[in-house]
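Asks: fold the following, please.
(one chain, ligands or ions: 1)
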Amino acid sequence: MNNATLSVDTEIQLITSGAPGVSGSTCTPELADGPWVFDLQPAPSYGPGASMADPIPADTPRQGQLPDAYKTASKDELDARIRAAKATLGDRVVILGHFYQRDEVVQYADFVGDSFQLANAALTVPEAGAIVFCGVHFMAETADILARPEQSVILPNLAAGCSMADMADIDSVEAAWAELAEIYGTEPDADGRVPVIPVTYMNSSAALKGFCGRNGGIVCTSSNAATVLEWAFERGQRVLFFPDQHLGRNTAKAMGVPLERMPMWNPRKALGGSTIEELEDAQVILWHGFCSVHKRFSVAQIDRARETHPGVQVIVHPECPMPVVDAADAAGSTDFIVKAIAAAPAGSTFAIGTEINLVNRLANEYPQHTIFCLDDVICPCSTMYRIHPGYLAWVLEELVAGRVVNQISVADDVAVPARVALERMLAARP
Ligand code: CIZ
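Replies: As a prediction, the model looks like this:
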């Protein structure tokens with residue numbers, strides 16, 4: 001059996017059931033359970049998968065009980081129900097599927113892409129009153145910020161958060177900002193550059209995007225982080241970059257910022273865990289956040305891929321730790337990875353360091369290449385994995401019945417400045 005042609009979910013079910021002839025391993029057998037099992041647990045968790053062990057904030061949204069009919073329905077029954085609801089709703093609904101979403105959900109998506117591509121894709125369907133975002137919470141928030149007022153954005157499982165986004169909450173960032181103002185003051189220098197520009201990665205709450213909008217800052221994606229940092233250095237003496245330390249470090253390093261001028265800000269430590277001298281000399285202050293999917297990749301995996309597949313091209317996401325990015329042949333966003341594979345001559349071999357659902361899908365879409373994930377343990381993004389066809393069927397059938405459930409709505413006092421920070425990003429040019 002060629003595991004690479006199977007969906008991640010099918011592989012997980014086969015591995016955990018001990019099916020004969022199936023090799024491979026998962027990071028936890030709980031991946032084979034329905035996500036509703038975790039919705040009902042007394043202590044909230046990110047669910048099984050790569051961010052399972054990250055501490056979850058107390059105010060994380062909880063998903064209510066999914067009606068039993070959606071938990072017990074067979075795959076075929078859910079398929080029929082989703083297709084029927086979608087047909088009834090027609091242009092009134094648009095379904096967005098993130099690159100990291102499981103294939104069993106992505107098959108129903110009208111658009112597949114990264115978070116920002118999807119938020120923009122929804123704008124091309126103004127007649128859709130409902131935007132069903134099969135991604136995670138911050139993505140649905142971004143879609144709501146950019147959507148028309150009459151459109152509702154729906155996240156099929158409210159427990160689909162993002163542990164990295166949750167590592168920088170608005171209170172901790174406000175507190176850090178106040179401490180930095182005490183160190184640097186608030187006056188611009190002789191060139192008119194303010195002491196600090198806040199830069200938030202797209203993978204952050206709407207509150208942080210709003211914070212950036214209110215404080216002269218900007219949003220970046222993994223595709224445009226260098227352009228955005230240049231924009232920020234023109235306007236500020238230094239940058240506070242959150243929540244992903246790795247994207248910040250990898251991007252700034254490639255732009256020539258020395259590592260010793262990138263101190264870390266850990267919100268649980270006094271002065272973020274850095275000294276006054278380090279902060280005074282800082283060019284980029286890196287928030288202590290990380291992606292638990294990308295943290296799993298290692299230089300040892302790259303060495304092994306090169307040993308077993310001579311000539312392999314190793315491409316990793318810039319959310320990976322710096323030694324992994326340095327050891328790879330290339331690093332780039334999901335869009336970069338997708339395009340690199342699409343452009344390669346037939347017979348190419350790729351080892352990819354990003355979420356397994358995207359890697360397996362690419363392996364299926366490009367059978368003329370050999371494509372595999374650097375990590376041979378199947379460990380998808382926990383929170384993307386909380387979206388299962390059962391939840392999609394439920395939200396769609398509720399729409400058919402005239403009810404909007406699981407709406408993600410960003411209040412105007414946050415959405416307006418967040419839009420400012422997003423517009424600054426769109427206006428920033430290399
Ligand atoms: O922005 C996104 O969708 C993510 C998670 C990463 C990327 O590189 O596209």
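Asks: check contacts around Leu31.
Replies: With contact taken as Cβ atoms under 8 Å, 6 or more residues apart in numbering, Leu31 is in contact with Ile12, Thr16, Pro48, Gly49, Ile378, Pro380, Tyr385. (C-beta placed from N, C-alpha, C; glycine too.)
Asks: for those, which one is nearest Val338?
Replies: Taking Cβ to Cβ as the measure, Val338 lies nearest Pro380 of the contacts of Leu31, at 17.6 Å.
Asks: ok so the closest one is a strand residue?
Replies: No: with DSSP: H, G, I helix; E, B strand; the rest coil as the criterion, Pro380 is located in coil rather than a strand.
Asks: hmm, Val8 and it touching each other?
Replies: Yes: here Pro380 reaches Val8: they are 5.6 Å apart, a contact under Cβ atoms under 8 Å.
Asks: any residues in contact with both of these two?
Replies: Contacts common to Pro380 and Val8, judged by Cβ under 8 Å, 6+ apart, are Arg102, Ile356, Asn357.
Asks: return the residues of the stretch 51-200 of the chain in contact with the ligand.
Replies: Residues of the stretch 51-200 of the chain lying close to the ligand by Cβ under 6 Å from any ligand atom are Asp114, Ser115, Phe116.
Asks: tally up the residues packed near the first one, please.
Replies: Meaning Asp114. 22 (other Cβ atoms under 10 Å).
Asks: with the one 4 residues further on instead?
Replies: By other Cβ under 10 Å, the residues close to Leu118 number 26.
Asks: for the helix or strand hosting it, list every residue counted as buried.
Replies: In this assignment (DSSP states H and E), Leu118 forms part of helix 115-123. Neighbour counts over helix 115-123 (16 or more other Cβ atoms under 10 Å) mark Ser115, Phe116, Gln117, Leu118, Ala119, Ala121, Ala122 as buried.
Asks: and the strand or helix carrying Ile145, what does it pack against?
Replies: In this structure, Ile145 is located in helix 137-146 according to DSSP H and E. On a contact count with 3 or more Cβ pairs under 8 Å, 6 or more residues apart in numbering; DSSP states H and E, helix 137-146 meets helix 115-123, strand 130-134, strand 152-154, helix 206-214, strand 407-408, helix 412-427.
Asks: mind checking how far the shortest one is from the chain centre?
Replies: Relative to its parent chain, strand 407-408 has a centroid offset of 18 Å by Cα atoms, centre = their mean, to the nearest Å.
Asks: what are the contacting residues of it?
Replies: Under Cβ under 8 Å, 6+ apart, the answer for strand 407-408 is Phe133, His137, Ala140, Glu141, Ala143, Asp144, Ser152, Val153, Ile154, Leu155.
Asks: could you export the helix or strand of the chain with the lowest mean pLDDT as CSV, CA atoms only?
Replies: Every helix and strand of the chain was ranked by mean pLDDT, DSSP states H and E. The lowest is helix 115-123, at a mean of 91. Output of helix 115-123 as CSV, limited to C-alpha atoms (Å, rounded to 0.1, in the frame of the first residue of the first chain):
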residue,chain,number,x,y,z
SER,A,115,-5.5,32.5,5.4
PHE,A,116,-5.1,35.8,3.6
GLN,A,117,-5.8,34.3,0.1
LEU,A,118,-9.0,32.9,1.5
ALA,A,119,-10.2,36.1,3.2
ASN,A,120,-9.7,37.8,-0.1
ALA,A,121,-11.4,35.0,-2.1
ALA,A,122,-14.5,35.5,0.0
LEU,A,123,-14.7,39.1,-1.2
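Asks: for it, name the packing helices and strands.
Replies: strand 93-98, strand 111-113, helix 137-146.
Asks: which elements pack onto the one helix or strand Glu234 maps to?
Replies: If you go by DSSP H and E, Glu234 is part of helix 225-235. Applying 3+ Cβ pairs under 8 Å, 6+ apart, we find helix 225-235 packed against strand 194-201, strand 218-220, strand 236-242, helix 245-254.
Asks: how about these, which one is nearest Thr275?
Replies: strand 236-242 (15.3 Å).
Asks: buried ones in the closest one?
Replies: Gly236, Gln237, Arg238, Val239, Leu240, Phe241, Phe242.
Asks: could you do stretch 242-258 as well?
Replies: Buried, per 16+ other Cβ under 10 Å, within stretch 242-258: 242-253, 257.
Asks: just the shared contacts of Pro380 and Val8: which are in helices?
Replies: Counting by DSSP state H, the shared contacts of Pro380 and Val8 place Ile356, Asn357 in helices.
Asks: what residues are up against the nearest residue to Phe242 once chain neighbours are set aside?
Replies: Once flanking residues are discounted, Phe242 sits nearest to Trp287: 3.5 Å by Cβ to Cβ, 6 or more residues apart in numbering. By Cβ under 8 Å, 6+ apart, the contact list for Trp287 reads 167-168, 173, 240-245, 248, 264-265, 267.
Asks: cool, Arg92 as well?
Replies: Per Cβ under 8 Å, 6+ apart, neighbours of Arg92: Glu127, Ala128, Gly129, Ala130, Leu399.
Asks: so the third one versus the ligand, what's the distance?
Replies: Translated: Gly129. Per Cβ to the nearest ligand atom, to the nearest Å, Gly129 is found 24 Å from the ligand.
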